[in-house]
Every structure is written in C-alpha cells, then in structure tokens.
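>>> sequence unknown, structure follows:
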C-alpha cells in the first residue's frame, strides 16, 4: 500500500493518525505529511529523542526506561499508547531504536522496536533487526516498516 493509499483508507474509515518517533526523528510523520490532503487524517507527531521527552510528552514511565532501556518493546508500547492518549488519534505507531553508528552486544546497530496502538484493540509490539546498514538506511527501513504497520492497523477496522 502506498502512503497515499494509506491516507485514503484512513480518511474513508475516519481514523486519525499519530506518530511517536525516536530514532526516525519525524521521518514517519514527514512521509505522511508529504502527501497533499494529509491534514485530514494526520493528527500529530511526537519526536521524543531523549528519555525525558518520552516521559514528558508520552508518559513513558521512568521505571520502564530503567528496567528495559529506551530500545525495547516495552518502551515502544508505552510510546504508542501515549501517542493515542495525548492526541485525538485512533491509530498510533511508535519507533525507537539504534540507527547507528554503534550499538552494543546487547542492543546492536539496526535494532528497532515498534509499537502499534489502535483504539479498542490490543497494542502490538515487535522488534526488527535491520542490521548494520548504516544510519540513513536503518532510519529509512524503520520509517517504511512503521508505515506498513499503520497500514496493518487500518485493517482492524476494514
């Protein structure tokens, strides 16, 4: 599904979208808003690059960050739910990961965690290991995966 098709489907279903992004720095929201007419369905985007921003803007718990780290499905879940809670959206995607360069043995470069929150549905999380593709490529791959997740989220209401 193209981004334009995703937006058309959201509009037909009267679903507003929010994004909560860390390593992509707003690339998901930018991809959505590059399409004319996107304001009909894109409610807002949160760029929460720091842990403090995740806590202040999305309500991610300090305990979750301390226990699991920012790059975790637990944080991705709280980010997605926080985006729903702090917006007028019914569909939210979150992205948190290590774009590189760098990483560690436990959290390698290219690991990205995603959350998908749909009003009235269980929140879904997943981790994708994109590998050490380089910062730009990891960020683009994460953006594209998040857009795919939004498309899947619209399937709940289809």
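All right, it came through fine. The shown structure was predicted, so the numbers you read here are calculated from the model rather than taken from an experiment.

>>> C-alpha from now on. contacts and neighbour counts both.
Fine.

>>> Could you look up the SS state of the residue most central in space within the chain?
Ranked by distance to the mean C-alpha position of the chain (Cα atoms, centre = their mean), the top residue is residue 94 at 2.1 Å. Judged by DSSP: H, G, I helix; E, B strand; the rest coil, the three-state class of residue 94 is strand.

>>> Which residues are in contact with it?
19-21, 76-77, 79-80, 114-116, 146 (Cα atoms under 8 Å, 6 or more residues apart in numbering).

>>> That one and residue 105, how far apart?
24 Å (Cα to Cα, to the nearest Å).

>>> hmm, back to that, tell me which of the contacts of residue 94 is nearest to residue 5?
residue 146 (14.9 Å; Cα to Cα).

>>> quick one, strands of the chain?
In the chain, the strands defined using DSSP state E lie at 17-21, 42-47, 91-97, 111-118, 124-129.

>>> So what angle separates the directions of the second one and strand 91-97?
In terms of direction (axes from the mean of the first three to the mean of the last three Cα atoms, to 10 degrees), strand 42-47 departs from strand 91-97 by 20 degrees.

>>> My guess is residue 125 contacts residue 75. True?
No: between residue 125 and residue 75 there is no contact under Cα atoms under 8 Å: 9.5 Å.

>>> Comparing those two, which residue is more hemmed in?
Neighbour totals were compared for residue 125 and residue 75, and residue 75 leads with 28 against 20 (other Cα atoms under 10 Å).

>>> about what we covered before: now render the strands of the chain as TSV, adding distance to residue 135.
Below are these laid out as TSV (distance: least, Cα to Cα, whole Å):
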stretch	distance to residue 135
strand 17-21	15
strand 42-47	17
strand 91-97	11
strand 111-118	11
strand 124-129	13
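
>>> Run through this structure and note the low-pLDDT ranges.
Judged by pLDDT under 70, the chain has its weakly predicted residues at 156-158.
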